[in-house]
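[1] predicted structure and sequence below. I'll ask about it afterward.
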Amino acid sequence: MKRTFLVLPLSLLGGCDACDRPKPYVPYAIDAAPSDAAEPTSTKPTSSAPPTEGLQVEIASHLAARWKLGGAERLAPAGRTFTAGVGLSSGGALALVRESPNDPGELLFFARSNEQGEVILNSASVTREGCEGKSSLTASGQTLLVELGCARRVKSAQGAISRVVGVVKVIDRPAVRASFAVLDPSETPGLAFRATSPDIDHDGVGDLVFDVTLGGAVAPFEPTSAQFEPTSAQSIQLRWFDRPAGLSRDLDAAADPFAVAVKAVSAKVAQGKDLSSAMAEATHISNLARSFCPEFGALRVRRVAGDRFECGSSKSLGELPLLLVRAALGRKELLRAAILLDDVDQAAKLKDIEATFSKLAKSVSAKLERRLQAIPMLPVAGGPSVGPVQFVDDTTLLVRTGAGVVRALLTTGEEAAADGIAAWPDLALSPNGKWRWTTLGDPCDGSPVRATFADATGQTQTVSLPLVGRLQSSCPQTGVSVRGSPLSWTSEGLVAFMGGEVVSVLPNLDRAILVSPKGVAEPLKGSSASADGKSVVWPTRFGFVVTGEAPRLFKPDVQVKSRWCTVNPGRTRVACVVGSAVEVYLAVDKKVDDR
């Protein structure tokens with residue numbers, strides 16, 4: 001007996017908040033929308049694409065409670081009307097019905113004429129608030145794709161479900177293979193699905209091919225300068241054989257669904273061309289994995305029932321962090337490359353990366369000059385903060401302790417209370433004194449990383465950043481904190497390390513852009529910038545990268561696991577918190593050694 005597959009997503013491609021965005025083209029798309037025709041009739045869809053085999057979609061030209069479908073009259077439940085459907089070779093039918101324009105609807109199975117339809121898949125989990133219901137059917141081969149959900153929503157609450165996607169196997173009687181709810185938060189690209197059922201293994205039974213596409217960049221990822229470019233849509237394809245026991249993943253054909261996309265990024269990086277677009281594409285590929293794949297949290301897709309659609313292991317995804325570092329180095333963005341290096345696990349492939357760092361920054365040996373007696377008061381965990389160390393000049397270091405600020409004279413080793421100098425706060429304060437940067441977090445729903453600011457009255461303002469969270473096996477629905485550290489906050493805005501990039505938040509706290517500075521204006525006390533703002537330091541596994549007009553790479557004899565580093569104006573010393581102590585490293589270079 002010929003088998004077919006029915007795929008049922010409940011809500012629109014691109015999601016409620018993304019209904020006006022460009023969406024990836026899906027063949028045979030049919031919107032089940034009412035017309036002004038007086039009589040309830042059926043029409044066949046028209047398309048320039050080849051006709052489908054087996055499944056033929058019909059749409060009602062007028063919302064009707066009775067409809068002749070699949071050779072027999074069907075009766076909708078009380079208060080509901082038909083929008084679209086398909087007749088089955090068994091004499092039955094599958095039809096979409098809805099109660100009102102705001103109802104995403106449900107799919108019914110009619111085994112016989114004049115028989116009440118049985119609910120096969122419903123949209124009960126779709127958030128109704130602000131929803132304008134819309135349904136659509138897509139036929140391709142022996143597969144039917146159904147979208148029921150929200151055509152438009154003014155604003156989505158966190159965790160609002162926009163649609164439910166299901167795969168239904170049609171023999172004599174349809175059975176749901178798998179279903180999952182989909183979130184479409186604001187500021188996320190459209191997440192689209194396409195399903196076909198070719199006979200991959202030539203056993204006379206239609207198998208399942210499932211394509212997942214993440215649409216192109218949207219705000220806040222749209223271009224904000226010529227330096228950082230948007231990206232186009234990215235897709236993966238997953239394939240399963242239809243076996244008597246259920247769906248079986250075709251691992252030979254798609255062992256790594258991300259391999260093709262990552263290979264294209266790798267080619268751009270290797271050629272040294274279009275490096276900015278290569279970086280944007282790499283980030284977008286990562287976002288696709290985070291959005292759909294359960295192995296990486298599936299932030300926008302939540303399994304409801306049946307088989308779980310897994311992406312499988314992906315060696316190529318593990319190459320993305322290294323590709324981002326290579327691209328940043330190719331663009332001579334030393335600080336950006338140093339920060340991105342934190343996410344690289346491929347230690348065996350880092351030798352040439354270290355060589356490139358050494359070409360862009362002068363390598364100098366660094367020795368441990370002093371381990372201070374003063375015990376630093378560390379920032380409160382969980383929030384974006386500055387560190388407890390700050391150079392005053394090339395040979396004087398301030399350390400914030402629990403008892404106040406200590407002044408360390410590095411040439412003599414003297415440490416004493418710094419009278420008249422107040423301890424600086426963990427959190428950055430805006431120039432007008434109104435706002436403090438309080439949190440930096442990944443909402444874990446596929447939307448951008450967000451920075452939150454609060455004033456003294458408790459009023460908050462949130463800014464969406466052009467950043468996606470890290471790939472990880474799980475991400476709680478409550479979200480996770482992201483590492484952040486401010487560098488400066490002036491009338492021109494806030495500049496800070498945020499989640500693997502340097503970001504500038506504009507003065508009105510309404511927009512943010514990526515930047516790659518050599519230095520910053522008016523650096524904050526305890527920041528990673530030198531007192532004169534001309535240099536910034538970042539610790540890496542190769543040593544301390546120090547930016548400036550003549551970048552330097554401090555290379556200690558042993559790898560130092562440090563936090564909250566700062567550099568002196570002359571770029572001859574770097575001070576960091578190592579464990580619970582402050583260590584100072586001196587560049588061993590006769591030309592700059594000041595002793």
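    Structure's in. What do you need? Numbering: from 1, shown residues only.

[2] which parts of this structure are helices?
    Assigned by DSSP state H, the helices in the chain fall at 259-271, 275-292, 320-330, 334-340, 351-360.

[3] closest to residue 440 out of these?
    helix 334-340 (14.2 Å; CB to CB). Every C-beta, even on glycine, is put in place using the N, C-alpha and C of the backbone.

[4] circling back to that earlier point, would you format the helices of the chain as a markdown table with mean neighbour count included?
    Listed next are the helices of the chain as a markdown table, based on neighbours: other CB atoms under 10 Å:
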| stretch | mean neighbour count |
| --- | --- |
| helix 259-271 | 17 |
| helix 275-292 | 24 |
| helix 320-330 | 24 |
| helix 334-340 | 24 |
| helix 351-360 | 14 |
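
[5] can you list these in CSV and add mean pLDDT?
    Output for these, formatted as CSV (pLDDT from 0 to 100):
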stretch, mean pLDDT
helix 259-271, 94
helix 275-292, 90
helix 320-330, 92
helix 334-340, 91
helix 351-360, 88
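
[6] out of those, flag the one nearest residue 457.
    helix 334-340 (34.2 Å).

[7] now do that closest one: which elements does it pack against?
    Other helices and strands packing on helix 334-340, by 3 or more CB pairs under 8 Å, 6 or more residues apart in numbering; DSSP states H and E, are helix 320-330, helix 351-360, strand 501-505, strand 537-540, strand 543-546.

[8] can you tell me the closest non-neighbouring residue to residue 543?
    Spatial nearest neighbour of residue 543, chain neighbours left out: residue 555 (4.0 Å); criterion: CB to CB, 6 or more residues apart in numbering.

[9] ok, that neighbour - contacts?
    Taking CB atoms under 8 Å, 6 or more residues apart in numbering, we find residue 555 in contact with 363, 364, 365, 366, 542, 543.

[10] and it, bridged to which residues?
    residue 365 (DSSP bridges).

[11] just the pLDDT for it.
    According to the prediction, residue 555 has pLDDT 93.

[12] do you know how far it is from residue 179?
    55 Å (CB to CB, to the nearest Å).

[13] hang on, isn't residue 128 packed against residue 102?
    Yes: between residue 128 and residue 102 there is a contact under CB atoms under 8 Å: 6.7 Å.

[14] mind listing what residue 449 touches?
    So residue 449 contacts 440, 441, 442, 464, 465, 467, 468, 469, 482, 498, 499 (CB under 8 Å, 6+ apart).

[15] check contacts around the last one.
    Shown in contact with residue 499 (CB under 8 Å, 6+ apart): 440, 442, 449, 465, 467, 469, 470, 482, 483, 484.

[16] 7 Å instead, please
    By CB atoms under 7 Å, 6 or more residues apart in numbering, residue 499 lies in contact with 440, 449, 467, 482, 483, 484.

[17] identify the farthest-apart pair in those residues.
    Maximum pairwise distance in these, criterion CB to CB, is 11.3 Å, between 467 and 483.

[18] what about these two, which has more around it?
    Between residue 467 and residue 483, counting by other CB atoms under 10 Å, residue 467 is the more crowded of the two (23 against 14).

[19] which pLDDT value goes with the nearest residue to the more buried one once chain neighbours are set aside?
    Counting by CB to CB, 6+ apart, residue 467 lies nearest to residue 449, which is 4.1 Å off, once chain neighbours are set aside. Model confidence at residue 449, given as pLDDT, is 92.

[20] okay, now the closest residue to residue 178 other than its chain neighbours: neighbour count?
    Nearest residue to residue 178 in three dimensions, chain neighbours excluded: residue 306, at 3.5 Å (CB to CB, 6+ apart). Residues lying near residue 306 (other CB under 10 Å) number 18.

[21] measure residue 306 to residue 177 for me?
    Counting by CB to CB - residue 306 and residue 177 are separated by 5 Å.

[22] ditto for residue 244
    Counting by CB to CB, the gap from residue 244 to residue 177 is 13 Å.

[23] repeat that for residue 584.
    Distance, residue 584 to residue 177, by CB to CB: 63 Å.

[24] can you find the helix or strand in the protein with the smallest mean pLDDT?
    strand 29-31 (a mean of 32; mean pLDDT, DSSP states H and E).

[25] from residue 536, how far off is residue 487?
    From residue 487 to residue 536 the distance is 7 Å (CB to CB).

[26] more neighbours: which of these two?
    Counted by other CB under 10 Å, residue 487 and residue 536 do not tie: residue 536 has more neighbours, with 30 against 25.

[27] which residues touch that one?
    Shown in contact with residue 536 (CB under 7 Å, 6+ apart): 335, 487, 517, 519, 520, 528, 529, 547.

[28] what's across from it in the sheet?
    Beta-bridge partners of residue 536, as defined by DSSP bridges: residue 529.

[29] tell me the pLDDT of the residue nearest to residue 442 when sequence neighbours are not counted.
    What sits nearest to residue 442 in space, not counting adjacent residues and going by CB to CB, 6+ apart, is residue 469, at 3.5 Å. We have a pLDDT of 86 for residue 469.

[30] same question, residue 60
    pLDDT at residue 60 comes out at 83.

[31] surely it meets residue 83?
    Yes: contact between residue 60 and residue 83 holds when scored by CB atoms under 7 Å: they sit 6.1 Å apart.

[32] and the gap between residue 433 and residue 455?
    Between residue 433 and residue 455 the computed distance is 9 Å (CB to CB).

[33] which one of those two is surrounded by more residues?
    More crowded of residue 433 and residue 455, by other CB under 10 Å: residue 455, with 13 against 9.

[34] what's the closest non-adjacent residue to that one?
    Closest residue to residue 455 apart from its sequence neighbours, by CB to CB, 6+ apart: residue 434 at 5.2 Å.

[35] could the helices and strands packed on helix 334-340 be laid out in TSV, adding distance to residue 196?
    Formatted as TSV, these follow (distance: least, CB to CB, whole Å):
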stretch	distance to residue 196
helix 320-330	28
helix 351-360	42
strand 501-505	39
strand 537-540	46
strand 543-546	49
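
[36] out of these, which gets nearest to residue 390?
    For residue 390, the closest of these is strand 537-540, at 12.2 Å, according to CB to CB.

[37] now that closest one: how far from the chain's centre is it?
    25 Å (CA atoms, centre = their mean, to the nearest Å).

[38] now do stretch 572-584
    34 Å.

[39] one more: stretch 519-533?
    For stretch 519-533, the distance to the chain centre is 30 Å (CA atoms, centre = their mean).

[40] and the residue nearest to residue 442, how close does it get to residue 427?
    22 Å.

[41] out of the two, which sits in the more crowded spot?
    Set side by side, residue 469 and residue 427 show more neighbours around residue 469, with 26 against 19, by other CB under 10 Å.

[42] what about residue 103, how many neighbours?
    Using other CB under 10 Å, residue 103 is surrounded by 19 other residues.

[43] I'd say it and residue 133 touch.
    Yes: the criterion here is CB under 7 Å, and residue 103 meets it with residue 133 at 4.8 Å.

[44] low pLDDT regions in the stretch 151-300 of the chain?
    Residues of the stretch 151-300 of the chain that meet the criterion pLDDT under 70 lie in 152-158, 171-172, 217-231, 253-254.

[45] got a pLDDT number for the residue of the chain most remote from its centre?
    Distance from the C-alpha centroid of the chain, by CA atoms, centre = their mean, peaks at residue 412 (49.9 Å). Listed pLDDT for residue 412 reads 95.
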